[in-house]
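# Just to be clear, the model below is a prediction. Sequence and coordinates:
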Number of protein chains: 2
Amino acid sequence: MPYTFNTFIVISVAVSLLSFGCAMWLNSWVKAQPSSNAKIAEVGKLIRDGSHTFLRQEYIMLAKFAGVLAIVVGVFLPRPIWHGNPIDNIVMIFSFLAGCVFSGIAGIIGIRIATIANVKTAEAAVEGMRPAFMAGFRGGAVMGLAVVGSTLLGVASIMFIAKDPTALLGFSFGASTLALFAKAGGGIFTKTADISADLVGKVELGIPEDDPRNPAVIADNVGDNVGDVAGMGADLFDSNVASMAAALVLATVLDRTAGGMANSSMVLCYAAAGLLASVIGIFLARMGKGGPTQALNNSTYITTGIYAVLTAGATLLFNFEWRIWGASIVGLLVGVVIGFASDYFTDDSKKPVQNTAKASELGPAFTILSGISYGLMSTLPALVGIAVSALVSYKLCEPIGEGYAMFGIAMSAVGMLSIVGMIISNDAYGPIVDNARGLAEMGDLGEDVIEIADSLDSAGNTVKAITKGFAIGAAGLTVIALLGAFISEVNEAAIELGVPGITGFDIMDPTVFFGMLVGVAIPAVFSAMLIMGVDRNAQRMVEEIHRQFDEIPGLKEGHPDAVPEYDKCIEVATTGALRELIPAGLTVILITLAVGFIGGVKAIGGYLCGNIVTGLLLALFMSNAGGLWDNAKKYVESGHHGGKGSEAHKAAVVGDTVGDPFKDTSGPSINTQITVVSLISSLAATLFLAFSIF
Amino acid sequence: MPYTFNTFIVISVAVSLLSFGCAMWLNSWVKAQPSSNAKIAEVGKLIRDGSHTFLRQEYIMLAKFAGVLAIVVGVFLPRPIWHGNPIDNIVMIFSFLAGCVFSGIAGIIGIRIATIANVKTAEAAVEGMRPAFMAGFRGGAVMGLAVVGSTLLGVASIMFIAKDPTALLGFSFGASTLALFAKAGGGIFTKTADISADLVGKVELGIPEDDPRNPAVIADNVGDNVGDVAGMGADLFDSNVASMAAALVLATVLDRTAGGMANSSMVLCYAAAGLLASVIGIFLARMGKGGPTQALNNSTYITTGIYAVLTAGATLLFNFEWRIWGASIVGLLVGVVIGFASDYFTDDSKKPVQNTAKASELGPAFTILSGISYGLMSTLPALVGIAVSALVSYKLCEPIGEGYAMFGIAMSAVGMLSIVGMIISNDAYGPIVDNARGLAEMGDLGEDVIEIADSLDSAGNTVKAITKGFAIGAAGLTVIALLGAFISEVNEAAIELGVPGITGFDIMDPTVFFGMLVGVAIPAVFSAMLIMGVDRNAQRMVEEIHRQFDEIPGLKEGHPDAVPEYDKCIEVATTGALRELIPAGLTVILITLAVGFIGGVKAIGGYLCGNIVTGLLLALFMSNAGGLWDNAKKYVESGHHGGKGSEAHKAAVVGDTVGDPFKDTSGPSINTQITVVSLISSLAATLFLAFSIF
């Protein structure tokens, strides 16, 4: 069928609008669910207000930061303003800010619906598991559709207006800058609240989780929203945009050589197909006899199938390259395999979790050693999976012509991220039902309802491990594609500057190797700074909780008139998180610039490579070890090895506390850190080429 | 001054013999020290016999393993026997076995003297700190001189007989195969004993460390010897041989082009100078007012200075290239800097240890999180140091001519390892005085003597961190040089096979990238397997200790007639350690071969690179985090944050237990794992080139 690139711009915009429409429908559906319990409404409002407070403060700070950065971007990118065409710089500022704003809006939408859906889910649980599941799932879906809709709309608009994928890198840079801070800031907030609530509540005073006497309990629930909903949404928005940007940069080079816009069209077409598949998958989702876990997994598989069929149809219809379709499907399948591997290491019906639970009988040191060992081992299948999918898609697309091999890898990443709408829905479902459990407890809905909420929550945890594996795998492929995009940016700049371009990065070149060794250390340093941030912030928060228990009469004894100052705790967590995240983010950005200006583009190539490989290693290790400890604790709590209160339980709680910042702060932030570094490098390619020392 | 290569063979042999002579003199000196306490003699004998039992069983097993491997080596290396000259294969077998035997002998010598020196040191402590220091230090020096003497003698002999540095790779492969198992096996043994002795003794029963009632106490002391003396000796023997082998492979290629043997001569000359410097440094060592730590550090600095002067003199005398001298000095200086950085992160007068001790007040989870964070951060200075030293030595030597840049890196590694005789002396000092402390306790020598032994022990711990940083840095540079050696082996084979050779490894080549991602996972999987091995083995040992306390009447109460069955514990630790180490070692070797036969030499290039970078990262992280936790515990024990028995102390003990296998099992074994993988790759280069799938 004959088509122009604009056909796909139109298709993309149409599918985006469709997904917004569906999100709005789901939004009203969720809001229309009954709610009547006054206590729950009150607590729900506290959580909602707390979330908005954090988000407002975070965005105010980020707006300032982004404003400063936008000026820097405008002066230097894509070329120093005194060298190139100033219009390009203005487009770049606009794209950068658009990336920030779109990402921010997606976060706000997610928080809005999540803090309504949690209440609805809690009350629906009174009616039974099925309606509660639907409320939680559809709440998450609003977020999923909003995020992916805005990705596609943003990318299509920028391509239509700027007609230049370099501007898209600016958009992507905006998105990932925001994501870096949203994920890291939210991650610090959520774990600060979680750890300190547990530390004082469960460990010191022996009161149950979600007990309303605990001043940190609302902050803990707020944390689920700002960390897991807003943060994770920003993270996946960023990965999704980055994968499309990388693919479009490479496609444009190919299109320029081949004439026409076939490759660029294909990127948009596949992305639109992925969103459409997610929309259909979301509306087909129902909970059957298999319970919530199976319902969530089924919806993922269905979406995967629909995507394969839709893209095959499109490939036939528009006469795209079948080999590239193959690369995209390979990516998707490997994503599923990585998910399974993560599941093996974090599921409580499998050996790793059970062995760690058993090791806890000997004391906390053994819980830690066992979890660290399994976490380290869990990196092998995922790394091999990413390696295989990169190799296969490269070899598959190499015969098409020069440059197609790297484009194949980029499309493999696009394929892996195609069903991201579904992934985000499942992911946002987690904190919603987690909150709902807390609300059921605080609203005194009774043991049966709490049990239902518990099942929903446990399904959320299991699915989370799978989606995290997916997200890390996709980030891995995306950054390989971004390396390709970096080279093509460098070569474009080299032509303009009249200097020799590059074709690759030789490990044996000492400049490359120098960069690589420095790059290897970055994810380690970055995650260490975040963990220390959580640590310091939790200590501040523990002091605040102690103060309240000391100063508010009757609070410890549970006197009904004694109300803790929930908002003080939220404030401590908020200011602390924002204070801690800036140094970590800045360190990464500054070291990248230092390496680039010292060693030039070759050092940066090595630096990105080192960053990617250890970034993947540490992200997988931390996410899986964290998930494993969490589930090992739950496994003990469900009555194994002495159950709650036993020595094994105490040890397992230590493991869970160590795992918390691993899996919810540093682990998932590393993805974004890698993307940010890759994008800065691509954007500053001209500068590094012109001004480096070596 | 005119010279031939044989001049330096003679010099090397002469210096080796000198060092053996000095070692023998020191050996008699130590033996001549007075000892009279019957109780100490008895316990000392138990430790000595236990160490020999372990070593005998280990070597019997390794002899079988090495025998099988020698046959494989003989059939396939350097080329399949039906393809090349069978004489080469016989030389290769001989070299491989020589490497195993030399490494084994060094281990035996070390254990022999260490298990005598511990008794002498304990009794000398009655006379005061100074004589005790001399007994411990000179005992360690016997090991240091024996190891480095045999390195130089072995390398010189092989070069004289085989006249081919490829045979040297075989020698090095033999040394590192043995080291892999000696380090891993000894590491598992020592931590099995240490952890289970602490777990039952200190935690369950509340009896002091080194209490003779504890059935595991002798095994614990045996562990110090087999892990830290024999294992560390084998490890550094291996690094030292590998650095010389890599330098000589590269030097031979250069010499072939340039005519003469100037570069090969230089390698031997510098190595001999390093050994001579160590001999002088050891004889000058005295304990002054600064105490044992300063005495140990001073001896390192003095040796460094002597080395710089000696090599400068030789360079002048024999007209070597000054730029290469510079590279070697850069390596040495960076080694010292890396040592300082390790010291910062593990010294109890610095912030990291103190903050971790403070965090322990909040419970074990915070001890762990703090230690992990600092451990991750500690990788940055060392990685940057290695990166800078590689870059500087490359750039320094590049102007000399083609191929000299990589030779510069190799000589930088030789420089860093030049003072390895001193390093091993300081390292072996540690377990000797640690044992002496135990003997002083068990021999009832009184509080004053135990205090002296404690100071000596604490100096050992501090110095250990520095020498470990040194060892890891040297291993990093060595494997970069081995990558260069790998390329030159591949190209030699390529000429014979009539296929195109390689000049480097492009990160953007998907085969290279594929190899790299797999390589990245290997150190993680390897260390996880070792940690799990310790874990499983400690559980077996705890059961054995419980059995003895249950079955031997009066043991728990400390009845003087109740003697624990120390040998049973040693047996459990021995069989367990040997059972656990084989799978870990085999996994690494087999995955390497799989990658080579699937992806060919390019995949192996990426694989080695991935292996090196994460290997360095994890080795640094684990060694430093482990050292930090150990010292944080000691810091609390010295009276801070509540001192012994406080909650902070319990938490710090958990950190120490987690850190034990990190710093003494997996961390230092990673070095050897990287070297083994690099050597296999170089040796099997022809096979990979001829038979790979891609």
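That came through, no problem. What you are looking at is a predicted structure, and each value in this text was computed from that prediction instead of being measured.
# contacts and neighbour counts: CA atoms only from here.
Fine.
# A:F549: how many residues sit nearby?
Counted by other C-alpha atoms under 10 Å in any protein chain shown, the residues lying close to A:F549 total 17.
# for the record, mean pLDDT for the helix or strand containing it?
According to DSSP states H and E, A:F549 maps onto helix A:510-551. Averaged across helix A:510-551, pLDDT comes to 90.
# which helices and strands does that helix pack with?
Contact analysis of helix A:510-551 by 3 or more C-alpha pairs under 8 Å, 6 or more residues apart in numbering or on different chains; DSSP states H and E lists helix A:165-198, helix A:566-637, helix A:667-683, helix B:364-377, helix B:379-397, helix B:566-637 as its packing neighbours.
# Dump the fifth one to CSV, keeping only the CA atoms.
As requested, the backbone C-alpha atoms of helix B:379-397 are provided in CSV (Å, rounded to 0.1, in the frame of the first residue of the first chain):
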residue,chain,number,x,y,z
THR,B,379,35.9,1.1,43.4
LEU,B,380,36.1,4.6,41.9
PRO,B,381,39.7,5.7,42.9
ALA,B,382,41.2,2.3,42.1
LEU,B,383,39.5,2.0,38.7
VAL,B,384,40.5,5.5,37.8
GLY,B,385,44.0,4.7,39.0
ILE,B,386,44.3,1.7,36.8
ALA,B,387,42.8,3.6,33.9
VAL,B,388,45.2,6.5,34.3
SER,B,389,48.2,4.2,34.7
ALA,B,390,47.2,2.2,31.5
LEU,B,391,46.6,5.5,29.6
VAL,B,392,49.8,7.2,30.8
SER,B,393,52.1,4.2,30.2
TYR,B,394,50.5,3.7,26.8
LYS,B,395,51.0,7.3,25.7
LEU,B,396,54.5,7.3,27.2
CYS,B,397,55.7,4.4,25.2
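# Show me what that helix is in contact with.
Helix B:379-397 is contacted from outside by A:510-511, A:513-515, A:517-518, A:521-522, A:524-525, B:323-324, B:326-328, B:330-331, B:334, B:337-338, B:341, B:404-409, B:412, B:469, B:473, B:476-477, B:616-617, B:620-621, using C-alpha atoms under 8 Å, 6 or more residues apart in numbering or on different chains.
# tilt between that helix and helix B:566-637?
Counting by axes from the mean of the first three to the mean of the last three C-alpha atoms, to 10 degrees, helix B:379-397 points 90 degrees away from the direction of helix B:566-637.
# Tell me, how many residues neighbour whichever residue of the stretch 101-250 of chain A sits closest to chain B?
Per C-alpha to the nearest C-alpha, A:L199 is where the stretch 101-250 of chain A lies closest to chain B, at 8.4 Å. By other C-alpha under 10 Å, 19 other residues sit near A:L199.
# who's in contact with it?
A:L199 sits next to A:V542 when contact means C-alpha under 8 Å, 6+ apart.
# and what of A:L332?
So A:L332 contacts A:T304, A:S412, A:G415, A:M416, A:L417, A:S418 (C-alpha under 8 Å, 6+ apart).
# Need the pLDDT of it.
88.
# Surely it is in a helix?
Yes. Counting by DSSP: H, G, I helix; E, B strand; the rest coil, A:L332 is located in a helix.
# In which helix or strand does A:G438 reside?
helix A:420-442.
# Could the C-alpha coordinates of that helix be exported in PDB?
C-alpha atoms of helix A:420-442 as PDB (Å, rounded to 0.1, in the frame of the first residue of the first chain):
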ATOM      1  CA  VAL A 420       5.100  -1.000  27.700                       C
ATOM      2  CA  GLY A 421       1.600   0.200  28.100                       C
ATOM      3  CA  MET A 422       0.600  -3.100  29.500                       C
ATOM      4  CA  ILE A 423       3.800  -3.300  31.600                       C
ATOM      5  CA  ILE A 424       3.100   0.100  33.200                       C
ATOM      6  CA  SER A 425      -0.500  -0.900  33.900                       C
ATOM      7  CA  ASN A 426       0.700  -4.000  35.700                       C
ATOM      8  CA  ASP A 427       3.300  -2.000  37.500                       C
ATOM      9  CA  ALA A 428       1.000   0.700  38.700                       C
ATOM     10  CA  TYR A 429      -1.400  -1.900  39.900                       C
ATOM     11  CA  GLY A 430       1.200  -2.900  42.500                       C
ATOM     12  CA  PRO A 431       1.200   0.300  44.600                       C
ATOM     13  CA  ILE A 432      -2.500   0.700  44.200                       C
ATOM     14  CA  VAL A 433      -3.300  -2.600  45.800                       C
ATOM     15  CA  ASP A 434      -0.500  -2.200  48.300                       C
ATOM     16  CA  ASN A 435      -2.200   1.100  49.400                       C
ATOM     17  CA  ALA A 436      -5.600  -0.600  49.400                       C
ATOM     18  CA  ARG A 437      -4.200  -3.100  51.800                       C
ATOM     19  CA  GLY A 438      -3.100  -0.400  54.100                       C
ATOM     20  CA  LEU A 439      -6.500   1.400  53.800                       C
ATOM     21  CA  ALA A 440      -8.300  -1.800  54.600                       C
ATOM     22  CA  GLU A 441      -6.300  -2.200  57.700                       C
ATOM     23  CA  MET A 442      -6.700   1.400  58.800                       C
END
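# so A:D224 makes contact with A:V433?
No. Counting by C-alpha atoms under 8 Å, A:D224 sits too far from A:V433 to count as a contact (10.1 Å).
# tally of neighbours for A:T53?
Residues lying near A:T53 (other C-alpha under 10 Å) number 17.
# Where does it fall, secondary structure wise?
Using DSSP H and E, A:T53 sits in helix A:38-76.
# Does anything pack onto that helix? Which helices or strands?
Packing contacts for helix A:38-76, counted by 3+ C-alpha pairs under 8 Å, 6+ apart, involve helix A:86-127, helix A:165-198, helix A:217-223, helix A:420-442, helix A:566-637.
# I'd like these as TSV, with mean pLDDT and mean neighbour count appended.
Formatted as TSV, the helices and strands packed on helix A:38-76 follow (pLDDT from 0 to 100; neighbours: other C-alpha atoms under 10 Å in any protein chain shown):
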stretch	mean pLDDT	mean neighbour count
helix A:86-127	89	24
helix A:165-198	85	30
helix A:217-223	83	30
helix A:420-442	87	29
helix A:566-637	90	25
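# Please give me every residue in contact with A:D348.
Contact analysis of A:D348 by C-alpha under 8 Å, 6+ apart lists A:Q354, A:N631, A:A632, A:Y635.
# And A:P165, by the same measure?
If you count contacts by C-alpha under 8 Å, 6+ apart, A:P165 has them with A:M159, A:A245, A:L248, A:V249, A:T252.
# Just checking, which helix or strand succeeds the helix holding A:G438 along the chain?
In the C-terminal direction, the helix or strand that comes right after helix A:420-442 (DSSP H and E) is helix A:447-497.
# Tell me the gap between that following helix and the middle of its chain.
Here helix A:447-497 is found 6 Å from its chain centre; the criterion is C-alpha atoms, centre = their mean, to the nearest Å.
# Please report the average pLDDT across that helix, rounded to a whole number.
Averaging pLDDT along helix A:447-497 yields 81.
# and that helix with helix B:510-551, angle?
140 degrees.
# Narrow the contacts of helix B:379-397 to those that are buried.
Restricting the contacts of helix B:379-397 to buried positions leaves A:510-511, A:513-515, A:517-518, A:521-522, A:524-525, B:323-324, B:326-328, B:330-331, B:334, B:337-338, B:341, B:404-409, B:412, B:469, B:473, B:476-477, B:616-617, B:620-621, with burial counted as 16 or more other C-alpha atoms under 10 Å in any protein chain shown.
# Against A:G600, how distant is A:E496?
The spacing between A:E496 and A:G600, counted by C-alpha to C-alpha, to the nearest Å, is 17 Å.
# nope, A:M422 is what I was after
For A:M422, the distance to A:G600 equals 40 Å [C-alpha to C-alpha].
# Spell out which parts of the stretch 551-694 of chain A neighbour chain B.
Applying C-alpha under 8 Å from any C-alpha of the partner chain, we find that the stretch 551-694 of chain A lies next to chain B at A:C609, A:G610, A:V613, A:T614, A:L617, A:V654, A:G655, A:T657, A:V658.
# so can I have TSV of the residues you listed showing distance to A:D550?
Formatted as TSV, these follow (distance: C-alpha to C-alpha, whole Å):
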residue	distance to A:D550
A:C609	52
A:G610	50
A:V613	49
A:T614	45
A:L617	44
A:V654	26
A:G655	29
A:T657	25
A:V658	28
